[in-house]
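S.K.: below are the sequence and a predicted model for it; my questions follow.
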6 protein chains.
Amino acid sequence: MSNKIQPQPAIPWEERPSGSSDVVWRYSGNPIIRRDQIPSSNSIFNSAVVPFLGAYAGVFRCDNKKREMNIHRGFSPNGIDWTITDAPIDWECADPEIGRFQYRYDPRVVWLEDRYYVTWCNGYHGPTIGIGYTHDFERFTFLENALLPFNRNGVLFPRRIGGRYFMLSRPSDNGHTPFGDIYLSQSPDLVHWGRHRYVMGVKDGWQSTKIGAGPIPIETPQGWLMFYHGVLTSCNGFVYSFGAALLDLEQPWKVIYRGGAYLLSPQKLYECVGDVPNVAFPCAALYEAESGRIAIYYGGADTVTALAFCKLDEVLDFVKVTNDL
Amino acid sequence: MSNKIQPQPAIPWEERPSGSSDVVWRYSGNPIIRRDQIPSSNSIFNSAVVPFLGAYAGVFRCDNKKREMNIHRGFSPNGIDWTITDAPIDWECADPEIGRFQYRYDPRVVWLEDRYYVTWCNGYHGPTIGIGYTHDFERFTFLENALLPFNRNGVLFPRRIGGRYFMLSRPSDNGHTPFGDIYLSQSPDLVHWGRHRYVMGVKDGWQSTKIGAGPIPIETPQGWLMFYHGVLTSCNGFVYSFGAALLDLEQPWKVIYRGGAYLLSPQKLYECVGDVPNVAFPCAALYEAESGRIAIYYGGADTVTALAFCKLDEVLDFVKVTNDL
Amino acid sequence: MSNKIQPQPAIPWEERPSGSSDVVWRYSGNPIIRRDQIPSSNSIFNSAVVPFLGAYAGVFRCDNKKREMNIHRGFSPNGIDWTITDAPIDWECADPEIGRFQYRYDPRVVWLEDRYYVTWCNGYHGPTIGIGYTHDFERFTFLENALLPFNRNGVLFPRRIGGRYFMLSRPSDNGHTPFGDIYLSQSPDLVHWGRHRYVMGVKDGWQSTKIGAGPIPIETPQGWLMFYHGVLTSCNGFVYSFGAALLDLEQPWKVIYRGGAYLLSPQKLYECVGDVPNVAFPCAALYEAESGRIAIYYGGADTVTALAFCKLDEVLDFVKVTNDL
Amino acid sequence: MSNKIQPQPAIPWEERPSGSSDVVWRYSGNPIIRRDQIPSSNSIFNSAVVPFLGAYAGVFRCDNKKREMNIHRGFSPNGIDWTITDAPIDWECADPEIGRFQYRYDPRVVWLEDRYYVTWCNGYHGPTIGIGYTHDFERFTFLENALLPFNRNGVLFPRRIGGRYFMLSRPSDNGHTPFGDIYLSQSPDLVHWGRHRYVMGVKDGWQSTKIGAGPIPIETPQGWLMFYHGVLTSCNGFVYSFGAALLDLEQPWKVIYRGGAYLLSPQKLYECVGDVPNVAFPCAALYEAESGRIAIYYGGADTVTALAFCKLDEVLDFVKVTNDL
Amino acid sequence: MSNKIQPQPAIPWEERPSGSSDVVWRYSGNPIIRRDQIPSSNSIFNSAVVPFLGAYAGVFRCDNKKREMNIHRGFSPNGIDWTITDAPIDWECADPEIGRFQYRYDPRVVWLEDRYYVTWCNGYHGPTIGIGYTHDFERFTFLENALLPFNRNGVLFPRRIGGRYFMLSRPSDNGHTPFGDIYLSQSPDLVHWGRHRYVMGVKDGWQSTKIGAGPIPIETPQGWLMFYHGVLTSCNGFVYSFGAALLDLEQPWKVIYRGGAYLLSPQKLYECVGDVPNVAFPCAALYEAESGRIAIYYGGADTVTALAFCKLDEVLDFVKVTNDL
Amino acid sequence: MSNKIQPQPAIPWEERPSGSSDVVWRYSGNPIIRRDQIPSSNSIFNSAVVPFLGAYAGVFRCDNKKREMNIHRGFSPNGIDWTITDAPIDWECADPEIGRFQYRYDPRVVWLEDRYYVTWCNGYHGPTIGIGYTHDFERFTFLENALLPFNRNGVLFPRRIGGRYFMLSRPSDNGHTPFGDIYLSQSPDLVHWGRHRYVMGVKDGWQSTKIGAGPIPIETPQGWLMFYHGVLTSCNGFVYSFGAALLDLEQPWKVIYRGGAYLLSPQKLYECVGDVPNVAFPCAALYEAESGRIAIYYGGADTVTALAFCKLDEVLDFVKVTNDL
């Protein structure tokens, strides 16, 4: 997920707390983005960030005080302190049939070939996956809805594989979908998608109700590292945690390892209390190859944005050791 | 909603916190009534207060430790510090068929012509709107159930309009109703109701599941100001916020403006954690004409009673500017 | 339910089949009205008839081929052979707010004081009870919606009691209501309704899901005879049967006897097969005082109209003998 | 939907019954295929037929006595008398990941450019749209799943439009979907699909729960004639009827006319009684340009196959006259 | 299921219709018991019969016109023509706590050691399995509720195995249970039950929603032959068919063969139309060892009683050939 | 619940806070067991403790980070500070059919005759009641599943009554059961259970959805004191509180007194926030006869373990005074 032509900024980082043996640990300054960080916002969460011009840029899910869901851009010198634009992104689109705003949420951003592509859950007679791009985080162009409704959690791979673009997604229904597996689709042009393949589905425990891809997969020599959220249904509602799996480099619908346990579950007040209690939902991860450091951005309680850290080799160990295919 | 023959006590008030631009802001001493303020109570919330004898009186929803729902009276010198009677109100009623206690909750109180009328959600083979009155907050008389079940949030207007009494209400069903619009009914005698009119229904976002009138409407030269609650259904349950609309003075089923955003949503621990998480539910508002100040009483998490403040002109501006009819 | 100023036509009648001991028996020529009896109709059922000018007139629920629900008038020389007007009744109404057509179904007709009143389930932001009248079955005037939504099966009594009008109804919700009891409301003017009383609710067996009043109650020296439908929920849907109860003459919310068994349940093909299988739903009954004969009109499978017969004294015996209050 | 290189066989036909003014009328010999016409079948319905070698061929949904759903081929000299192969179609597929049988149902067949394409609801971790083809109804090749689950009622257009293939479909969920609108997707190669457009959704009455395209659209100078099924939910289940709409020739997601009423609803015993009562579900239509005759094949009660007739000009009149966009 | 000390009457029998290859075929005189065969009955179905004194006796589920569910005894000279007692069985029970009537339905009868045992679904704060016995079909003694609620379809084995009594049952919930597998319990005394074992659960197709044991298992040298019902859920409700499986003689919770297809599904009007459409539900089977003939009694549409025939060796072949464990 | 042959350790105890009049009060050091007290745990709650060798031992529900539910043993010198084994209990079982691990949760422990018996909710094709025992908290032997699925909250009495063992349980279904009453079963051998009796069911308010026995009943001269949880369903989910009842000494299915109010409801953050908000769920109580002191162990929010105190005589007074049978 790196943009080769730009200097990589320092990755946000904080060491694991002493005494802890957690593979993923929280940033002590969480939440890094408050719910009311911009005047119009009810909440800011499920956010996606990338290195940009030696610093960081991002797109952010901001629900306003009407509880309309939309995505905004923001900038940060260090990946922790963010300035978010109060007005939502204004998507340029030639075809008003598809360009009309209904709702937009849960964005992901990826540097792919020559520009930043954004995917998000886009309202078009139901939730589906919108694709657009920007070169500069100033102008944003809406391309198309990649898939038919009902779909959520569309996540692009950061490069072509075998000449084709790849996207993970989670077919859904028109409400608070109580089911959901991860599939993969392929495309010659980012507009037409086919050769759909099943990747993996729910299992017992923390991921027994539905699962969905999180950040852009991270390429490693052993495979694509995919963080993903899993949902358990208690008698008092959904609980969103997240874990990881390793996908085949060339045929990424084939799962090599799948961690049996979650890496992080909602346990802090900012994850357990808010507009949707008990949610930890990752949408972006920064990876620094030299140090092996990973910074994960995740939404807390569908209300605020939080940060967590881990190391690539430890996560790879984790998915192998706890492998539960 | 003023009682002309009595001296008006000082309205509870605290200025807007510096730095805030919120139209409605919370009292810093919230919650003003704890869940266990009287020996018998499990929780005290959704409460209605009026000026009374130079001070304040009110009726309060108190659920006891059986989780029976009932209404109690209380008194306060300043509208903030309350003494609530441990025993529920004992309603006098000639007809045992309708006077028998099943449950009573979510009261409103209004000075209307010559006495204080109380309306509440009354259990009579299902929830409906009970009407009673008191002259002195000592003796309370039960008049009738105004409407057939299933109904909730019955709110009287503080004067006749065109010779008739008016009441807002929210037709419901026999459980945790997942729908609900606001209607209006008219009466020559407060006992027989007809000429029912639809006022307004749900919209997207914070008010997409159901809505219901809150405090007694406040008469302004431009129309009746109605605060009302709206409910959004997340995957983890209902979220109760509140907003405002302006109704026509003579034909109050006609909506002039309707604020598109909420004025206050559950964000504080005492609104987000309790018997029903994520509830801010207003049942009373005090208005001081000279200063334009409004004090809103609302329940937090169906557990405690809280207070918020705003100014009439700012709220009127808000409903116009964010108008979303 | 008689119109004193007009000659009473001969009541439709057929003797009980030999060998049968049923209290209510079917007409051998059933169904008397086919689903496609008029060009526009998908189905004609749940119909109400009254003596009129020495013959019979009626209002009929006709669903058209859009499956819009509306009510039509019709005439018959003998109560069996019907000519129904293809165009729906055109209701005159001064206030377009309430006069606008949404849907109308399940009418009842009664001669009350000086005209024929029609009540039906009327769509006004949800189903409620519309009231209108006609003098001549040519012009029909819409009066008001008597009650707030959600309500169905509004049935007027054929005379004032203690100076007030009385109406039975069944509070409901906004869909295929899976609950429902019978209540009674009182009115000085047919527009404003109050003094609501609970009449009776569901019981085990054939009437375990919901019940609703059917034809206009028949006055007898012993009380008001009320035929009513009851619904049982099998694993394959609702089953609508009908039975009878006797209500107090002066306080008709007090039930004197309630027959424990159904009088007729869906057993014939025209009751078991159609748009809604397993429905026998009565909306009108003709009573001939001299002979004690009663003819009951009921809908079959929400598709056709059928006729059944019984004798008043036998029905009164039945409710006493099988009494199950 | 014609195969230019083959002589067109005589279209099945029977004149409208005298006295009837129905736009669509049933074949007097219905059902034309019984539920047990082949040894293995529990039921044969929702079938698709095309002219083939001067006679007719078809693919048929046959549920076997395990109630497995699969598709079989069949042949007929006249379109009425059918010989169906007892063994299901054996699809050739290079990739076992997608070729493995889960379930197949509700096929459509179309002559497109150089071969017969078959689409059907294909089980691949949920119902989606499988595409395959045959040249001779002997060998059948499975191409790909065109779309992600969950989808049903995928219907191809019989020619490219603007160089692209077009397919109608109905996004669904993983069960007895209680919602569903018609969408359209475009493809350069029948494998990758994009440029998804919303065509039309549910309306009141007979089509208030869900709708889905039926036979291959028929090209007329005025637009594409699309027969489609609509579903109403009664308290006793779904009722499947069918009607018609006219789509724009070049931009077929734009609806020109939409008939307000159904053309045929389940009213005969073979439509009302069976494995799924109250279903009339069309999957194929033969059109004879010279005579304007259309023969529609539809499933009855998800149990048998029936036939109905109409004339193109009358159907076009119907959608205009009853237009209800 | 034979009573050794009594002469075996001729088994009811009719040869397979010519041209048919069905393993199970219907009696041409079906239904053998009408819904109104006794004065009090709404319906008579799900009935159990045994040889008795050279003729046949049985217990019958009769729902009366209140739609109360109860069981009655009956007698027949030939197993086809039945005389059923209008009054329900009067169970003697020393302990009124468990003897009080709530509801009783779906009985089975078995000759076990020295008397006829009856099991049925017994209402005791929820449906569970009642056990009683009779020596003479005159006096019936209620023993105990074998299991805790919620349970249905309790079926005893006709002899002890390894010294213990065995019973099949289907754990359920308190309504129209949408799930259900077959389990087995063991007892030293018919009162205390334990060593519960799972036998088999739902599979795809006709038995995908729930399954339950039907008649008393038939002992064969190869194992216990168990007929059982299976339920499929269509969009319009449950469909009850029946099939067969072979259980291990000594450890009958081990399934040797399980027929993949149903043996009989609801296809005739008396199976498809009635109080619960689409039900064929077997509760008894007579087996004649010399001829290998089996007569199966089953309820049709929860309304009438029907009869079907098969041969033991053909059924054993069927479960082997279609085996689908 | 005392083990006569061992010295009784000092009961955990803290006096009632001054100013409080609560019958049950919380330990000031709550929670006594954190969610991450052992490396593998996601949460530790619903725990059962007994005196053991002059100190305390217990079995604990620990959900691991896969959210698998299992039970672990632990030891404490004082009942407050606990050392829990990171590996789950390894149950010895001769029959792999029933010994295979699916899930285990909500254990209870009781000293009965000569050993410690453990009961818990055991996954065997659905949740049911597993019974096992240990002599030393080192080796644990699995006996059998006492009852058929679906069942939860199986609680043994601490001695035989009339020669038979007694167990309370709560028949359930296969999910988040929204109903549930307390029943009692009897056994000669702890393996076979029968003579099932209904004890008590839901009532209004805090116990209106379901109830279930908590700790081992405490024998008093006046009867068995049973603490039990009760569940109320708010629009945002279940709320678990607990109260008490007194059961007859010889016929413990007969309730002598039942406290109308709860004794403790979720009000503290560790009860209101966690994996399942709003849960206080007791599984064990220590009773010291000399002092009358009782220490109750209960789970908070299905996440942590907490402790509360009361006195036997005050609880007995409470159930009498607030008696609400």
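M.R.: Nice, I can see it.
S.K.: what lies in contact with stretch A:8-20?
M.R.: A:2, A:22, A:25, A:27-28, A:51, A:54-56, A:77-80, A:286-288, A:291, A:293, A:295, A:307, A:309 (CB atoms under 8 Å, 6 or more residues apart in numbering or on different chains). (C-beta placed from N, C-alpha, C; glycine too.)
S.K.: mark which of these are part of strands, please.
M.R.: A:25, A:51, A:55-56, A:286-288, A:293, A:295, A:307, A:309 (DSSP state E).
S.K.: which strand or helix spans A:Val315?
M.R.: Secondary-structure assignment from DSSP states H and E places A:Val315 in helix A:312-321.
S.K.: residue ranges for the helices of chain A, please.
M.R.: For chain A, applying DSSP state H gives helices covering A:96-99, A:269-272, A:312-321.
S.K.: coming back round to it: got CSV for the ones in strands among the contacts of stretch A:8-20, with pLDDT, neighbour count and distance to A:Pro221 too?
M.R.: CSV is the format used below for the ones in strands among the contacts of stretch A:8-20 (pLDDT from 0 to 100; neighbours: other CB atoms under 10 Å in any protein chain shown; distance: CB to CB, whole Å):
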residue, pLDDT, neighbour count, distance to A:Pro221
A:Trp25, 98, 17, 25
A:Pro51, 97, 21, 22
A:Ala55, 97, 15, 29
A:Tyr56, 98, 23, 26
A:Leu286, 98, 25, 19
A:Tyr287, 98, 20, 13
A:Glu288, 97, 19, 16
A:Arg293, 98, 17, 17
A:Ala295, 98, 21, 21
A:Leu307, 98, 23, 27
A:Phe309, 98, 20, 22
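S.K.: ok, so of those, who is nearest B:Glu113?
M.R.: A:Leu307 (60.6 Å; CB to CB).
S.K.: can stretch A:185-204 be found next to chain B?
M.R.: No. Looking at stretch A:185-204 against chain B by CB under 8 Å from any CB of the partner chain, there are no contacts, and the closest approach is 15.6 Å.
S.K.: show the average pLDDT along that stretch.
M.R.: Across stretch A:185-204, the average pLDDT comes to 98.
S.K.: likewise for stretch A:8-23?
M.R.: 95.
S.K.: ok, back up a step: tell me the one of the ones in strands among the contacts of stretch A:8-20 nearest chain F?
M.R.: The shortest gap between chain F and any of the ones in strands among the contacts of stretch A:8-20 belongs to A:Trp25, at 12.5 Å (CB to the nearest CB).
S.K.: chain D contacts on the stretch 101-250 of chain A?
M.R.: A:124-126, A:128, A:144-151, A:169, A:171, A:173-174, A:179, A:181, A:183, A:185-189, A:191-198, A:201.
S.K.: now a PyMOL select for only the buried ones of those residues.
M.R.: Listed next is the PyMOL selection for buried residues among those, using 16 or more other CB atoms under 10 Å in any protein chain shown:
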select buried, chain A and resi 124+125+126+128+144+145+146+147+148+149+150+151+169+171+173+174+179+181+183+185+186+187+188+191+192+193+194+195+196+197+198
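S.K.: need the residues that contact the worst-scoring helix or strand of chain A on mean pLDDT.
M.R.: Scoring the helices and strands of chain A by mean pLDDT, DSSP states H and E places helix A:96-99 at the bottom, with a mean of 94. Outside helix A:96-99, the residues that touch it by CB under 8 Å, 6+ apart are A:91, A:93, A:124, A:142, A:144-145, D:197.
S.K.: make a markdown table out of those residues and add distance to D:Leu112.
M.R.: Formatted as a markdown table, the contacts of helix A:96-99 follow (distance: CB to CB, whole Å):
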| residue | distance to D:Leu112 |
| --- | --- |
| A:Trp91 | 35 |
| A:Cys93 | 31 |
| A:Tyr124 | 27 |
| A:Phe142 | 32 |
| A:Glu144 | 24 |
| A:Asn145 | 25 |
| D:Arg197 | 20 |
